[in-house]
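Q: no sequence on this one, just coordinates:
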């Protein structure tokens, strides 16, 4: 009996192992056949600045797991076309309904300006011609005040004194709305026109007055420098003259 019982236990073990193997195989097969549910979501095909009107070329779709889709995601491009972004949307980012505002089908630069901003154009600087600056970038304006006689009036400089050419950082963190000729269709993502001669900024009313004064001054030359993406720090710089350059680099030329 002992020997026969042992054989029965061995056979029972073999049967149970086989059944377990079959069960594991079936589970593995079911896992291969199972595919988690997915859905299409709308994504940005380029950097989209805030207060930009959405147009078809800047949107695309991609498939995502339903479990990974963020709440409020836009699932059809038609839901976004013609609306305005309320904040920056980055390349590849899923577009959310809360990032959009209705423009009632209207478009144009008025919908790209933030409340309290106005648009003003300035002659394009050299860096604009290179194509390094794009729509939505932020720049600083450097100015050089050419030598000239100080006019009489309230000033710390005595009347009749001739000042040297002086360079200084003027307005900072200017947002570029357009380059070259303005596209009146209101489409965001406008491209720079060849040989662009104008750049349009979105600024507050006070800065617009300063830009107007610089634009009209005959003895002021302006240059733009491109800021790093996301850098909105206001910096303090020291005015520079030719004498400053001579002193800093220990030049021994004619003074």
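A: Done, it's in. Because the structure is a prediction, the values reported are computed rather than measured.

Q: From residue 133, how far out is the closest residue to residue 207 other than its chain neighbours?
A: Excluding its sequence neighbours, the residue lying closest to residue 207 (CB to CB, 6 or more residues apart in numbering) is residue 171, at 5.7 Å. The way it works is simple: take the backbone N, C-alpha and C, and place the C-beta from them, glycine included. Separation of residue 171 from residue 133 (CB to CB, to the nearest Å): 15 Å.

Q: between those two, which one's more packed in?
A: Neighbours per residue (other CB atoms under 10 Å) separate residue 171 from residue 133, with residue 133 holding more: 23 against 19.

Q: from memory that one sits against residue 140, does it?
A: No: under the criterion of CB atoms under 8 Å, residue 133 is not in contact with residue 140, lying 11.4 Å apart.

Q: shared neighbours, these two?
A: Taking CB atoms under 8 Å, 6 or more residues apart in numbering as the criterion, residue 133 and residue 140 both touch residue 224.

Q: how deep is residue 147 tucked in, by neighbour count?
A: 12.

Q: Assign residue 110 to helix, strand or coil.
A: helix (DSSP: H, G, I helix; E, B strand; the rest coil).

Q: ok, now which ones touch the residue nearest to residue 207?
A: For residue 171, the contact set (CB under 8 Å, 6+ apart) comprises 140-141, 203, 207, 210-211.

Q: could these be laid out in TSV, adding neighbour count, secondary structure and distance to residue 220?
A: Shown next, in TSV, are the contacts of residue 171 (neighbours: other CB atoms under 10 Å; DSSP: H, G, I helix; E, B strand; the rest coil; distance: CB to CB, whole Å):
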residue	neighbour count	secondary structure	distance to residue 220
140	19	strand	15
141	22	strand	10
203	22	strand	17
207	20	helix	16
210	14	helix	11
211	21	helix	11
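
Q: Sketch out the low-pLDDT regions of the chain for me.
A: 1-13, 15-21, 23-25, 27-34, 104-108, 148-162, 181-196, 253-255 (pLDDT under 70).

Q: correct me, but residue 132 touches residue 226?
A: Yes: counting by CB under 8 Å, residue 132 touches residue 226, with 5.9 Å between them.

Q: Those two: which has the busier surroundings?
A: When neighbours are counted by other CB under 10 Å, residue 226 comes out ahead of the other of residue 132 and residue 226, with 16 against 13.

Q: quick one, what contacts that one?
A: 127, 132-133, 137-139.
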